[in-house]
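1. predicted structure and sequence below. I'll ask about it afterward.
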Amino acid sequence: MRISKLLVMVSLALPALYAQNDWPSYGHDPGGQRYSPLKQINTTNVSKLVPAWSLQLRKEGVPFRISQSIPLMVNGVLYLGWPYSRVAAIEPETGKILWEFTGNTKVQTTLGSMRSLAYWPGDRQTSPQIL
């Protein structure tokens with residue numbers, strides 16, 4: 001009985017946890033619902049949207065590779081991974097790169113592509129991480 005009460009409490013808390021501005025996982029939430037509770041963009045103004053900024057993913061002197069990474073938004077920061085093991089934290093309003101990390105470039109993949117990132121909220125022993 002205690003376990004079923006706990007499961008009900010957890011299941012009721014999960015929607016509130018993901019009813020946020022962040023997009024911490026593929027499809028927004030653990031269920032991949034792809035639903036955003038935000039109301040700023042709707043059917044009356046979507047046609048008026050224009051790009052706010054763009055980001056050059058190609059590095060000079062390096063062949064371009066396909067990028068199929070899904071960006072994450074965690075605590076108001078946009079995280080994006082792209083080919084050649086590169087990850088960046090980006091200010092979403094301006095496109096300014098806050099930091100960039102290049103992983104082990106000696107590890108070769110067939111196409112040099114980056115598939116995606118993941119967010120771990122942390123626990124008692126491990127701090128939150130972008131993986």
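-> Everything's here; your move. Residues are numbered from 1 along each chain as shown.
2. when you work out contacts or count neighbours from here on, use the C-alpha atoms and nothing else.
-> OK.
3. how much space between Asn75 and Gly61?
-> According to CA to CA, to the nearest Å, Asn75 and Gly61 sit 34 Å apart.
4. more neighbours, these two?
-> Per other CA atoms under 10 Å, whichever of Asn75 and Gly61 has more neighbours is Asn75, with 11 against 6.
5. now that one, nearest residue through space, not along the chain?
-> Nearest non-adjacent residue to Asn75, counting by CA to CA, 6 or more residues apart in numbering: Asp22, 6.4 Å away.
6. how about that neighbour, what does it touch?
-> Counting by CA atoms under 8 Å, 6 or more residues apart in numbering, Asp22 makes contact with His28, Leu72, Met73, Val74, Asn75, Gly76.
7. low-confidence regions, this structure specifically.
-> Applying pLDDT under 70 to the chain flags the ranges 1-20, 64-67, 105-115.
8. ranges for the strands of it?
-> Here the chain has its strands, by DSSP state E, at 72-74, 77-82, 86-90, 97-102, 119-120, 129-130.
9. make a markdown table from those and add distance to Lys48 and mean neighbour count to it.
-> Shown next, in a markdown table, are those (distance: least, CA to CA, whole Å; neighbours: other CA atoms under 10 Å):
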| stretch | distance to Lys48 | mean neighbour count |
| --- | --- | --- |
| strand 72-74 | 23 | 21 |
| strand 77-82 | 23 | 22 |
| strand 86-90 | 24 | 20 |
| strand 97-102 | 26 | 12 |
| strand 119-120 | 32 | 15 |
| strand 129-130 | 33 | 12 |
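10. in JSON lines: these, plus distance to Ser54.
-> Formatted as JSON lines, these follow (distance: least, CA to CA, whole Å):
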{"stretch": "strand 72-74", "distance to Ser54": "16"}
{"stretch": "strand 77-82", "distance to Ser54": "13"}
{"stretch": "strand 86-90", "distance to Ser54": "11"}
{"stretch": "strand 97-102", "distance to Ser54": "11"}
{"stretch": "strand 119-120", "distance to Ser54": "24"}
{"stretch": "strand 129-130", "distance to Ser54": "22"}
